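Enquirer: Sharing a model that was predicted from the sequence below.
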Amino acid sequence: MTRSRRASARPPSGARSVERLEDRTVPAGRPLVYDAPAAGVLVVQVRAAAVEVVGGATAAVLARRPVAEVAGVRVNGNGFDVSLRIDASARAVPGEVHFDGGSGSNALLGPADAATWRVTGPGAGSIVNTRPLTFSGVEQLRGAAGNTDDFRFAPGGRLAGTVDGGPGGFDAVALPGGVYGRVEFTATAPDAGTIVRDGNLLTYAGMEPVTVADAVVSDRVITATALALRRPAGATDRLVLDSDTDLATMESHEFPDPTNSLTVNLGSNPAGSVDRLTVGALGAAGFALTVDGGAGRDAVRLEGDADLGGRDLAVTAEVIEVTNAARDVDLAAGDITLTAVGDEAGLSAGSNLPLDIVDSLEGDRRITVDTRGTVAGRAVTFEASRVATLVARSGRSAAGGRMSRSR
């Protein structure tokens, strides 16, 4: 090893000289490393001026060292299914805490205080808190109950399992940045669902808002129920889909305008209910908009101005309305196609055919345009029809077919 010296003036002849060395920092301790010997739940904590790794039903101390002798902590899953919980006291650990899940099925459980999680690679990232905490080889991330957890997924961030905000509190998942050809968002419950970014699947639960900030997306597909599509206050290039009734399967989802198309698929709603989508004023949108009611009874209401910049507008549902009691509605697009259609499956009859199909169909199929504004496009098509699937049974034979009534 070579020491570096600072240059100094030559001392007078016969005088003593003092050599000044560069300042050096020597770590006060060494890393506390624990290799899991079996599956289980482990906890990193600080107690009685010592850093501990505890585990098991009795919270037995598995590793311990005085704080003054510790320079970071590393816990290795060692090929086992290990869950690691970070106690709030771990903020007093000198240096970094790192969890390497390894080849098992592993979970990282966050601290009780508010935390910002950053997922930057496959099962890898960090928790930004008082002390640095990093992780790798992890399949599940789970926030503590009753706190605020903010999960941020970089373009390369992904999990093989689920990111869970935990019960209570206010937890959010955000996907900042990136350029994608197709992003698919599917809500399975008010706080749960999946997001697929160009084939990269993210499963989430226990979240309130979902935000895709500053990502450039060509085609965006959203599947949920009971929604309102609108612009946030003052925004011209962002959209929000949020819940409209108690039937909703999501809370809120905010995202920039797609560059090519937006598709909203209304999910299956309970029997006897009507799934509704309200589309507010979009202004100059510049993307194609498709709404598909799917299974169950659906109603779509277009109540705000929209100019899609020559891109197409297509809406399929049992009931479609272009109306606003407070003002006129102007729609401008390429091809405009409004299709009021429903499909009643499983209507059955015995041997006393023919069956009166008109009386057997449920509800109406209608399109209402109640505005003094304009609906302008290259081609404007309105169609309302009813479709039923019939099954007739006589003895041991069965016949099936479809019948429609258009108007």
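Expert: On my side now, so go ahead.

Enquirer: Please count neighbours and contacts with C-alpha atoms only from this point.
Expert: Fine.

Enquirer: give me the low-pLDDT residue ranges for this protein?
Expert: Within the chain, the ranges that satisfy pLDDT under 70 run 1-28, 130-131, 213, 244-251, 268-272, 342-364, 386-407.

Enquirer: Show me the helices in it, by range?
Expert: Using DSSP state H, the helices assigned to the chain run over residues 357-360.

Enquirer: my guess is residue 206 meets residue 192, correct?
Expert: Yes. Between residue 206 and residue 192 there is a contact under C-alpha atoms under 8 Å: 6.1 Å.

Enquirer: Who is the nearest residue to residue 125 once chain neighbours are set aside paired with across the strands?
Expert: Setting aside the residues directly before and after it, residue 125 is nearest to residue 119 in space (C-alpha to C-alpha, 6 or more residues apart in numbering), at 4.3 Å. Beta-bridge partners recorded for residue 119 (DSSP bridges): residue 125, residue 153.

Enquirer: since we're on residue 119, how many residues are nearby?
Expert: Using other C-alpha atoms under 10 Å, residue 119 is surrounded by 24 other residues.

Enquirer: The one 4 residues further on now?
Expert: One way to gauge burial is a neighbour count; for residue 123, by other C-alpha under 10 Å, it gives 22.

Enquirer: contacting residues around stretch 135-150?
Expert: Outside stretch 135-150, the residues that touch it by C-alpha atoms under 8 Å, 6 or more residues apart in numbering are 98-103, 105-117, 122-126, 159-174.

Enquirer: do that again at 7 Å, thanks
Expert: 98-102, 105-117, 123-126, 159-173 (C-alpha atoms under 7 Å, 6 or more residues apart in numbering).

Enquirer: Mind checking which of the residues you listed are buried?
Expert: 98-102, 105-112, 114-117, 123-126, 159-167, 169-173 (16 or more other C-alpha atoms under 10 Å).

Enquirer: Keep only those of those residues that are in strands.
Expert: Counting by DSSP state E, the buried ones among the contacts of stretch 135-150 place 98-100, 107-109, 115-117, 124-126, 162-164, 172-173 in strands.
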